[in-house]
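Visitor: Based on what follows, work out the 3D shape:
(2 chains)
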Amino acid sequence: MDRSMTILLCLGLYMLICFGVGLWAMRRTKSTKDFFMAGRNLGVLVTALAVFSANMSGFGFVGGPGLVYKMGMSSIWICLTAPLGFAVAFFLLAKRIRLIAELRDSVSLPDTVAARYKSETSRFLTALAIILGVMGYLATQILAMSMVLREILNSNPLFGGGVSLAMCVIISSTVMVFYSVAGGIIASVYADLIQGAIMVVASILVFITATTAVDGGFAGMATTIMKDNPEAIAPWGTLGMIGCLSWYFIFTMGVAGQPHVIIKMMMYKKVSDAKHILPISVGAYAIAALLWLSIGLVMRSLVLQGVHAPLANADEAAPQFLQSCAHPLLAGIVFAGLFSAIMSTGSSFLNIGTAAVIHDMPKAFGIKTIKNELFKARVTTVVLTAVAAFFALYIGDLVALLGAFGWGTFAAALVPTIAVGLNWKRATPLAANVAIIASIVINFGIKMASKSAGFSVPFSVNTGAIALLVSLTLFFGISLLSKPPKLDADIEAVMDI
Amino acid sequence: MKLSWIAFGILLTLCGILAALFIIGETPGGLHIPHPEYPDMLQGRPGVETQSHIKWLGYAFGVIQFFFFAALVLFCLNKQGRLKKLKLPILLATALCITALTLTMAAYWTFTRSGSGQLFGGFPLPTALMFYALWPMQLFFVVIYVIYYDKAIFTSDDNDTFQALLRGHRDDVKEVADGS
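Guide: Below is the predicted model of the structure:
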């Protein structure tokens, strides 16, 4: 069987599994709590792999190796943060957010924020930040998923190279929307479980393949890269010290502000499970990071040695490696892993966005009870996918702008409001609201300034890191200078635990 | 001094460092150039030319981050005497991370001056330190979380307190529902 057919079969098998997961999860989804919170009944392994794979996403498969190819070691500072980033997120949130979720029966992050701050404005702003970020992320995930699918289909003689991007958007969105609508977050976390397992296995196999792809293994790669440009193989790569350290800051602190990651901390069965979930997530992430590192280094070395043709686009590093160095079955598994990574992250965002639209926005405007919430949630899921698919296909500039609303905006808006606010009784609603607004304004402002006026941040400091630093400073400053707020007795009691 | 004020002070210091970096600015020519032969590949300019004027600010930016992470974790755990058990391990883990970062940075400046160096575990010394010292040192935070979870983060007393709180809350909700 030829390479393209093996890859297509692996992908087809994965899509069938997705349909199966969707149908299975549909039978377990009987209420809004099931749809958004998986009934708060997830086991250790499922939660651990869902936390890890939500954090890694398709970026780890494509963007990560591409960055190593392009910039040398710089992007390793993103992977390097995992042990401390996950630990900080667990210290700050795993217990607290789980307790509040159970106490107040929360089904979304804005629910928790509203309970903590006794403020519908805070709920509204949190939901708004989530919706803006989710739309950007979702559109980029759909676009990435469709481009991968088009590559795979058009490289297969069966399709004659004529499959359009729009057709791929329809196919991939249909699969994603089917299992997201049918099974809600239950389908999403079990897809995460499959993705996590595929990523771990694929990363080990890719790592072994990569070490034999260049003579001398990693030492051979390092020597080749060092001869061409010593800085590329030094710790800061080509980005420089300050840029890398700003990545370290935003990606370490940022884990505690990613809604698709921390929402899973509200879903596990027993509070004491957190101590088992953390090391499994960190271990899985460490293994998956091997793929990120090894493919990027191999491709940069092979191109520098003249063994492989130069890449027109750094993001081709992973697909080209799989085409030229990997066994067809491994290539098939990794492509399926890539597809599942993108799809499960997209599905998580879809679920969070749906909760913000159907559950939180109405509550923020005073509508306390929503009739047929589960049905409306399913309809909203379809509508959100359609809107994101439209953005992905026809409004590329908006997608790019909203894409900038990713990690950095979530981190800058939600780390102070949720990660710190749930642990600090003195934090005020005003401080939370200002932090969220600051995060949106700074991230959007710098992006717009760089797009329209050619502004660039000195030393390549990450925009999200600046926004996070400012929003945290404002949050602490305003809270310390304000009168301590009066909290509900049960929230105050749970914050003492 | 209260930990919240310490965390706030650290944040102001980090903002100050960023402001200073922006005022000082990059050296002409920037940090990297496009690779002369291969599209979409960059080459870094030697750090000794582009970053030595901000060496100490960069070091401070890295080290103070670790102080902030530690302060934040301690600040969030500062309830019901939990800090007594967790303060020392967290400060030790922070010190180990700072030591690893310091060694990585020191090795980098030696490396960038010479432009080459021996390989350790497949990488130049500063990169090897990043992989084999800085990365594993952070794992101590994970180990602390696992070891101290039952002893200081969520004890059996905490569980009892929460269950009582939960029962009380459910009773309140039921009363409101019955009343209405």
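Visitor: which helices and strands sit right next to the strand or helix carrying A:S294?
Guide: A:S294 is part of helix A:274-304, with elements assigned from DSSP states H and E. Applying 3 or more Cβ pairs under 8 Å, 6 or more residues apart in numbering or on different chains; DSSP states H and E, one finds that helix A:274-304 contacts helix A:44-56, helix A:63-71, helix A:76-79, helix A:82-89, helix A:165-213, helix A:217-228, helix A:317-324, helix B:135-148. Glycine gets a C-beta too; all of them are placed from N, C-alpha and C.
Visitor: Let me know the average pLDDT across it.
Guide: Taken as a whole, helix A:274-304 carries a mean pLDDT of 94.
Visitor: next one: stretch B:66-81
Guide: Here the average pLDDT along stretch B:66-81 is 88.
Visitor: From B:A100, how far off is B:A106?
Guide: Noted for B:A106: a distance of 11 Å to B:A100, by Cβ to Cβ, to the nearest Å.
Visitor: how many neighbours does residue 30 have?
Guide: Since no chain was named, I'll use chain A. Applying other Cβ atoms under 10 Å in any protein chain shown, we find 11 residues neighbouring A:K30.
Visitor: ah, I was thinking of chain B
Guide: 14.
Visitor: Check whether it really touches B:Q51, as I assumed.
Guide: No: B:G30 is not in contact with B:Q51 according to Cβ atoms under 8 Å; the separation is 11.2 Å.
Visitor: residue contacts, the residue of the stretch 101-250 of chain A found nearest chain B?
Guide: Nearest residue of the stretch 101-250 of chain A to chain B: A:E231, at 2.9 Å (Cβ to the nearest Cβ). Going by Cβ atoms under 8 Å, 6 or more residues apart in numbering or on different chains, A:E231 touches A:72, A:237-238, B:32, B:43-47, B:112.
Visitor: how many degrees apart are the helix holding A:S294 and helix A:165-213 in direction?
Guide: 80 degrees (axes from the mean of the first three to the mean of the last three Cα atoms, to 10 degrees).
Visitor: Helix A:274-304 versus helix B:135-148: what angle between them?
Guide: Using the same axes, to 10 degrees: helix A:274-304 against helix B:135-148 is 170 degrees.
Visitor: Off-centre distance for helix A:274-304?
Guide: 15 Å (Cα atoms, centre = their mean, to the nearest Å).
Visitor: which helix of chain B spans the most residues?
Guide: helix B:83-114 (DSSP state H).
Visitor: Just list the residues touching residue 43, thanks.
Guide: As the question left the chain open, I've gone with chain A. Contacts of A:G43 (Cβ under 8 Å, 6+ apart): A:268-269, A:273.
Visitor: Please refer instead to chain B.
Guide: A:228-229, A:231-232, A:238, B:32-36.
Visitor: after the one helix or strand the residue of the stretch 101-250 of chain A closest to chain B maps to, next one along is what?
Guide: Here A:E231 sits within helix A:230-233, counting by DSSP H and E. With elements assigned by DSSP H and E, the helix or strand that comes after helix A:230-233 is helix A:241-254.
Visitor: Could you tell me the angle between that following helix and helix B:135-148?
Guide: 20 degrees.
Visitor: For chain B, which segments are assigned as helices?
Guide: Under DSSP H, chain B gives helices at B:3-24, B:47-50, B:55-77, B:83-114, B:125-129, B:135-148, B:156-179.
Visitor: Report the distance from the fourth one to the chain centre.
Guide: What it means is helix B:83-114. 10 Å.
Visitor: other SSEs contacting it?
Guide: With 3+ Cβ pairs under 8 Å, 6+ apart as the test, helix B:83-114 has helix A:230-233, helix B:47-50, helix B:55-77, helix B:125-129, helix B:135-148 packed against it.
Visitor: repeat that with 6 Å
Guide: Judged by 3 or more Cβ pairs under 6 Å, 6 or more residues apart in numbering or on different chains; DSSP states H and E, the packing partners of helix B:83-114 are helix B:47-50, helix B:55-77, helix B:125-129, helix B:135-148.
Visitor: Quick one: residues in contact with the last one.
Guide: To tie it back to what came earlier, the one meant is helix B:135-148. In this structure, residues lying in contact with helix B:135-148 by Cβ atoms under 6 Å, 6 or more residues apart in numbering or on different chains are A:80, A:83-84, A:87, A:90, A:275, A:278-279, A:282, B:86, B:89, B:93, B:96-97, B:100.
Visitor: Can you tell me which of the residues you listed has the most neighbours?
Guide: A:L84 (30 neighbours).
Visitor: Surely that residue touches A:T252?
Guide: Yes: the criterion here is Cβ atoms under 6 Å, and A:L84 meets it with A:T252 at 5.3 Å.
Visitor: tell me which helix or strand of chain A sits lowest on mean pLDDT?
Guide: helix A:396-403 (a mean of 61; mean pLDDT, DSSP states H and E).
Visitor: and residue 103, how many neighbours does it have?
Guide: Just going to use chain A. 20.
Visitor: please go with chain B instead
Guide: B:L103 has 16 nearby residues by other Cβ under 10 Å.
Visitor: ok, back up a step: follow the chain on from the least confident helix or strand of chain A and name the next helix or strand.
Guide: Next helix or strand after helix A:396-403 toward the C-terminus (DSSP H and E): helix A:407-414.
Visitor: List the contacts of whatever residue of the stretch 251-400 of chain A ends up closest to chain B.
Guide: Of all residues in the stretch 251-400 of chain A, A:K275 sits closest to chain B, at 3.7 Å by Cβ to the nearest Cβ. By Cβ under 6 Å, 6+ apart, the contact set of A:K275 is B:146, B:149.
Visitor: Quick check: residues of the stretch 301-450 of chain A near chain B?
Guide: Proximity of the stretch 301-450 of chain A to chain B, by Cβ under 6 Å from any Cβ of the partner chain, involves residues A:303, A:310, A:313-314, A:423.
Visitor: now these as TSV including neighbour count and secondary structure?
Guide: Shown next, in TSV, are these (neighbours: other Cβ atoms under 10 Å in any protein chain shown; DSSP: H, G, I helix; E, B strand; the rest coil):
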residue	neighbour count	secondary structure
A:V303	22	helix
A:P310	14	coil
A:N313	12	coil
A:A314	24	helix
A:N423	21	helix
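Visitor: Can you add distance to B:F123 and give these back as TSV?
Guide: Below are those laid out as TSV (distance: Cβ to Cβ, whole Å):
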residue	distance to B:F123
A:V303	19
A:P310	24
A:N313	27
A:A314	21
A:N423	38
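Visitor: nearest spatial neighbour of A:E316, skipping sequence neighbours?
Guide: Distances taken as Cβ to Cβ, 6 or more residues apart in numbering or on different chains place A:G66 nearest to A:E316, at 7.5 Å, with adjacent residues excluded.
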